[in-house]
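Coordinates for the following, if possible.
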Amino acid sequence: LDAALAAAAEQRLAEHRSQSAKVRQMLEESFPEAPSVALPFVHQLHGANRVRAVYDALLSGAETELLMFTRPPFAYRSGVDNINQAVLDMAARGVPARVLYQQEQIDDPDASGFRAEMEAYHQAGVKARVVEELPVKLVVVDRRALLVGMHDPSNSEGGYPTTLLIEHPGYASVQALAFEQLWATGVDYEEAVGRRQASSS
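Now for the predicted structure:
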């Protein structure tokens, strides 16, 4: 039964990919001369290296607030040897920062390096809570600019997500409201870690 379900799911995925390819081809054939629309406040970032550079630049310019959804894949290698100085510098300037994590990264026995690195940020003043799941990767700075990383749902092979830099106060404020909604449902980071330690002892 499980094999049959898996085969059916694979067949549906293959059909979806085929249909997506046909739609893309149809659009290209129908509008061959149509120029791509480039919005001055939306920029697509390619690859983790570019995302790291823009993220650090946003943190360096942060003045009033940082909000984050933190979930894999990460642009930086995790561990206490890879602590991001831009985060510590921002905290030293007194910029409030709040971060949401997924429960998976708290429970994963192989994520000890990640947890140790996050603890360094918490000691510097970053506040954190844990929720069951985060829909996207998200960074909101001063409610004026944001990074949002989104996986292509038709790509089952993963890879680093498509990341957009959006410099638009209205849209950033909407995403900040979404953050506040999830923040209100989250469990304090220390409490989540304490539960994990209690369950494993």
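
Check the gap between the residue lying closest to Leu147 once chain neighbours are set aside and Pro109 for me.
Nearest non-adjacent residue to Leu147, counting by C-beta to C-beta, 6 or more residues apart in numbering: Val139, 4.2 Å away. The C-beta positions use only the backbone N, C-alpha and C, and glycine is treated the same way. Separation of Val139 from Pro109 (C-beta to C-beta, to the nearest Å): 27 Å.

Between those two, which is the more surrounded one?
Val139 (24 against 7; other C-beta atoms under 10 Å).

you'd agree that one is in a helix?
No - counting by DSSP: H, G, I helix; E, B strand; the rest coil, Val139 falls outside a helix, being strand.

mind listing what it touches?
Neighbouring residues of Val139 by C-beta atoms under 8 Å, 6 or more residues apart in numbering: 55, 58, 66-69, 146-148.

repeat that for 10 Å
Counting by C-beta atoms under 10 Å, 6 or more residues apart in numbering, Val139 touches 51, 54-55, 58-59, 62, 66-70, 99, 145-149, 163, 165, 175.

Just the buried ones from those?
51, 54-55, 58-59, 62, 66-70, 99, 145-149, 163, 165, 175 (16 or more other C-beta atoms under 10 Å).

Among the residues you listed, which lie within strands?
Within these, residues falling in strands by DSSP state E are 66-70, 99, 145-149, 163, 165.

Of all pairs in these, which one is the farthest apart?
Pairwise distances across these (C-beta to C-beta) peak at 19.1 Å, for the pair Val99 and Leu165.

Look up phi and psi at Val130.
phi -120, psi 130 (degrees, to the nearest 10).

Same question for Pro72.
According to degrees, to the nearest 10, Pro72 has phi -70, psi 160.

I figured it was touching Glu104, is that so?
Yes - the pair Pro72 / Glu104 is scored as a contact, 8.3 Å apart, by C-beta atoms under 10 Å.

joint contacts of those two?
Contacts common to Pro72 and Glu104, judged by C-beta under 10 Å, 6+ apart, are 111, 134.

isn't Arg93 right up against Val87?
No - in this structure Arg93 lies outside contact range of Val87 using C-beta under 10 Å: 11.1 Å.

What strand or helix carries Asp89?
helix 85-92 (DSSP states H and E).

give me the number of residues near the nearest residue to Val126 once chain neighbours are set aside?
Distances taken as C-beta to C-beta, 6+ apart place Ala97 nearest to Val126, at 4.5 Å, with adjacent residues excluded. Using other C-beta under 10 Å, Ala97 is surrounded by 21 other residues.

ok, Ala97 - contacts?
Applying C-beta under 10 Å, 6+ apart, the residues contacting Ala97 are 59, 62, 65-68, 87, 90-91, 121-122, 124-128, 141.

All the helices of the chain, residue numbers only.
2-30, 48-61, 85-92, 103-107, 112-123, 169-185, 189-200 (DSSP state H).
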